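# Next comes the sequence, and after it the predicted model I'd like to discuss.
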Amino acid sequence: MIDLPFDPALLQKAVTALSSRLAMLSAECSTLAAERDAAIAQRDAAIQENDKLLVILSQYKRTIFGPRSETLDPGQLSLFTITAQAAGPAANDDVTGGRLPDGAEGRGKRLARRNRGKLPEHLPRIDVVIDIESHICPCCGERLHKIGETVKEAFDVVPMQYRVKRIVRPRYGCRGCRQGVLQAAAPAQAVEGGMVTEALLAHIAVMKYGYQLPLYRQEQMFAAQGVALDRQTLASWMGRVAWWLRPLHALLRDTVISYPRLFADETPLPVLDPGRGRTKVCQFWAIATDDRPWGGPAPPAVVYVFAEDRKAIRAKQLFGDYQGILQVDGYAAYKGLIKNGGRLVQLAFCFAHARRKFWDVHVATKSPIAAEALQRIAMFYAIEDRIRGLPAAQRSAVRQTETRPLIEHLKPWLEARLLEVSKKSGLGKAIRYTLNHWEGLTRFIDDGRIEIDNNTVERTIKPIGLGKKNYLFAGSEGGAETWAILASIINSAKLQDIDPRHYLTDVLERIVSGRTKINQLHTLLPWTWKAERDGLETKLAA
């Protein structure tokens with residue numbers, strides 16, 4: 001063993017080199033840790049962006065190719081029966097002692113309107129008799145006598161036939177005095193000097209604004225019958241019809257807004273801008289009412305109002321003086337109605353909008369949290385299906401005992417889940433939307449007049465959406481006004497389950513002829529017109 005001499009300088013040099021190396025390694029570790037954290041953050045951001053893009057892509061794919069239904073498997077609801085039971089025995093009982101009021105069961109599902117084995121009684125019958133060739137018995141030669149018959153009904157159609165209505169006004173003169181010629185006055189026409197009746201105008205209007213058949217297709221249908229009518233003529237006729245019906249549209253709007261509970265929504269409307277050679281985006285506002293779910297006084301009706309844009313000032317112009325319950329989506333313009341001393345009493349929001357956000361996330365990412373949120377919300381809707389049609393007081397009582405405990409469990413569950421997910425993700429946005437609108441979303445629990453969602457007006461928006469797909473755009477702001485007027489009156493008539501062509505024809509004839517004065521227009525509102533017609537039919541039947 002060799003005994004080396006101790007060299008303090010050499011030791012110090014080695015220590016210095018080791019310290020330098022350690023510092024270098026520490027710096028490298030810090031750099032790697034920073035790079036790791038940046039990579040993790042970048043990965044998380046990429047995951048969030050990927051989830052966001054998956055949700056958007058899923059929405060587009062479902063809009064173009066997929067079904068629109070958001071129905072859950074009913075069997076999945078059983079997964080959360082424990083949650084309902086945990087709310088206490090009151091969650092499963094109502095004011096009637098553990099069951100719904102008589103007649104409430106089954107009211108949620110609308111009965112299918114089918115004519116299985118029996119066609120409607122009001123349709124005319126035409127008998128076609130198919131008889132045997134000989135009425136002589138082939139066995140004994142005696143004459144056969146009728147002992148019965150077999151009748152089978154088949155749904156038939158007589159193709160539409162256009163005709164010419166000749167208005168004949170005889171002229172009379174006196175051979176005794178020969179002072180002048182007498183002739184009945186010409187009847188008033190909806191289109192002055194035109195060669196079209198109110199019935200045909202009503203037919204064209206209903207086909208376009210009630211059943212979304214564009215004018216160019218109707219032009220082709222006329223051509224198939226040998227009638228040459230260009231689209232510009234048809235469009236000018238519709239403008240004239242709207243001119244006659246403008247006072248009735250204003251009365252319909254004022255009447256609808258007079259009810260204490262309304263639904264409202266808006267949808268973009270492309271309008272051709274000739275100055276720029278392209279379309280500009282305007283808006284249709286839809287205001288609807290329907291108290292049938294709780295037996296209230298307001299009839300089912302909808303009125304559309306054209307606006308140049310979607311600014312908050314439009315909502316104030318429509319609802320600034322309204323006092324009542326307005327059920328809407330989360331658009332900020334509605335929230336502005338209750339700020340700065342607004343007179344609106346209550347805003348109720350739509351659970352269908354909140355549910356749809358979870359549905360989009362569920363379809364795109366198969367998130368178990370979104371799936372559970374959907375199943376919890378489905379339990380609210382199951383209760384609503386069972387109590388639809390009951391009086392408001394009974395609806396409120398059932399909601400207090402059954403829905404409120406489920407609602408009270410949902411909010412803390414959402415708050416806990418929000419801590420587990422990124423706030424920028426689609427799921428985080430869905431949870432925040434629900435929590436931010438919680439007061440308006442849950443207002444229906446305490447008031448039996450309020451619905452759980454805004455689907456009443458959503459259904460009335462669908463004809464406008466289908467019309468936009470078929471027409472592409474309104475030709476002008478005047479054309480958009482015509483669209484709003486005629487669609488309001490026709491779709492309100494359809495909500496009353498009356499033939500809109502028959503209704504609109506009679507309304508036009510009464511207004512154009514002057515039989516119904518301006519102060520009698522209330523008799524032409526769809527529900528009033530229907531009541532008058534039903535009363536007259538009852539008298540005639542008696």
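That came through fine. Residues are numbered from 1 along each chain as shown.

# Let me see the mean pLDDT of the host helix or strand of Arg432.
Taking DSSP states H and E as the definition, Arg432 sits inside helix 426-436. The average of the pLDDT scores along helix 426-436 is 91.

# the longest helix in this structure is where?
helix 8-64 (DSSP state H).

# how far is it from where the chain is centred?
Chain-centre distance of helix 8-64: 50 Å, with Cα atoms, centre = their mean, to the nearest Å.

# do stretch 401-413 as well
Counting by Cα atoms, centre = their mean, stretch 401-413 comes out at 27 Å from the chain centroid.

# Show me what counts as buried in the helix holding Arg432.
The neighbour-count check on helix 426-436 (16 or more other Cβ atoms under 10 Å) flags Gly426, Leu427, Gly428, Lys429, Ala430, Ile431, Tyr433, Thr434 as buried. From N, CA and C alone the C-beta is placed, and that goes for glycine too.

# which stretches of the stretch 251-400 of the chain form helices?
Under the criterion DSSP state H, counting those that start in this stretch, the stretch 251-400 of the chain contains helices at 312-319, 332-335, 351-365, 368-387, 392-398.

# will you turn these into a markdown table that also has mean pLDDT and mean neighbour count?
A markdown table is the format used below for the helices of the stretch 251-400 of the chain (pLDDT from 0 to 100; neighbours: other Cβ atoms under 10 Å):
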| stretch | mean pLDDT | mean neighbour count |
| --- | --- | --- |
| helix 312-319 | 85 | 17 |
| helix 332-335 | 82 | 16 |
| helix 351-365 | 89 | 22 |
| helix 368-387 | 92 | 19 |
| helix 392-398 | 94 | 19 |
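
# Quick one: closest of the ones you listed to Leu508.
Nearest to Leu508, of all those, is helix 312-319, at 27.3 Å by Cβ to Cβ.

# quick one: least confident helix or strand in this protein?
helix 81-86 (a mean of 44; mean pLDDT, DSSP states H and E).

# Quick check: what element follows that helix along the chain?
Later in the chain than helix 81-86, the nearest helix or strand by DSSP H and E is strand 171-173.

# picking that back up, distance between the helix holding Arg432 and the chain's centre?
Distance, centroid of helix 426-436 to centroid of chain: 23 Å (Cα atoms, centre = their mean).

# before we move on, what about stretch 321-340?
Distance of stretch 321-340 from the chain centroid (Cα atoms, centre = their mean) equals 19 Å.

# any chance you could map the strands in the stretch 151-300 of the chain?
Assigned by DSSP state E, counting those that start in this stretch, the strands in the stretch 151-300 of the chain fall at 171-173, 181-183, 261-273, 278-289.

# Each with direction, which strands does the first one pair with?
Based on DSSP bridges, the pairing partners of strand 171-173 within the sheet are strand 181-183 (antiparallel).

# Now the strand it pairs with: average pLDDT?
According to the model, strand 181-183 has a mean pLDDT of 88.

# and if you look at stretch 43-53?
Per-residue pLDDT over stretch 43-53 has a mean of 73.

# which of the residues in that stretch are buried?
Using 16+ other Cβ under 10 Å as the test for burial, stretch 43-53 gives Gln48, Asp51, Lys52.

# And for the second one, nearest residue in space, chain neighbours not counted?
Just to be clear, that refers to Asp51. Closest residue to Asp51 in three dimensions, ignoring its sequence neighbours and counting by Cβ to Cβ, 6 or more residues apart in numbering: Ser425, at 5.2 Å.

# Name all residues that make contact with that neighbour.
Gln48, Asp51, Lys52 (Cβ atoms under 8 Å, 6 or more residues apart in numbering).

# and the residue lying closest to Ala223 once chain neighbours are set aside, what is it in contact with?
In space, and not counting its chain neighbours, Ala223 is closest to Leu229: 7.9 Å by Cβ to Cβ, 6+ apart. By Cβ under 8 Å, 6+ apart, the contact set of Leu229 is Glu219, Phe222, Ala223.

# about what we covered before: which of the buried residues of helix 426-436 sits closest to Ile130?
Ala430 (64.0 Å).

# I'd say that closest one and Ala370 touch.
Yes. Assessed by Cβ atoms under 8 Å, Ala430 is found in contact with Ala370 at 7.0 Å.

# before we move on, the earlier item: and the buried residues of helix 426-436, which two are the farthest apart?
The widest separation within the buried residues of helix 426-436 (Cβ to Cβ) is 12.9 Å, between Gly426 and Thr434.

# Overlap of the contact sets of the two?
With contacts defined as Cβ under 8 Å, 6+ apart, the residues adjacent to both Gly426 and Thr434 are Lys357.

# before we move on, the earlier item: can I get the helices of the stretch 251-400 of the chain in TSV including distance to Asp44?
Below are the helices of the stretch 251-400 of the chain laid out as TSV (distance: least, Cβ to Cβ, whole Å):
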stretch	distance to Asp44
helix 312-319	36
helix 332-335	30
helix 351-365	15
helix 368-387	17
helix 392-398	44
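
# what about these, which gets the closest to Pro526?
Closest to Pro526 of the helices of the stretch 251-400 of the chain, according to Cβ to Cβ: helix 312-319, at 21.1 Å.

# what's the overlap in contacts for Ala430 and Ala370?
Phe358, Val361.

# List only buried entries from the contacts of Leu229.
Glu219, Phe222.

# quick one: low-confidence ranges for this structure?
1-7, 59-117, 339-345, 542 (pLDDT under 70).

# could you check the angle helix 368-387 makes with the helix holding Arg432?
Comparing the axes of helix 426-436 and helix 368-387 via axes from the mean of the first three to the mean of the last three Cα atoms, to 10 degrees yields an angle of 40 degrees.

# And helix 426-436, what does it pack against?
When contacts are defined as 3 or more Cβ pairs under 8 Å, 6 or more residues apart in numbering; DSSP states H and E, helix 426-436 packs onto helix 8-64, helix 351-365, helix 368-387, helix 404-418.
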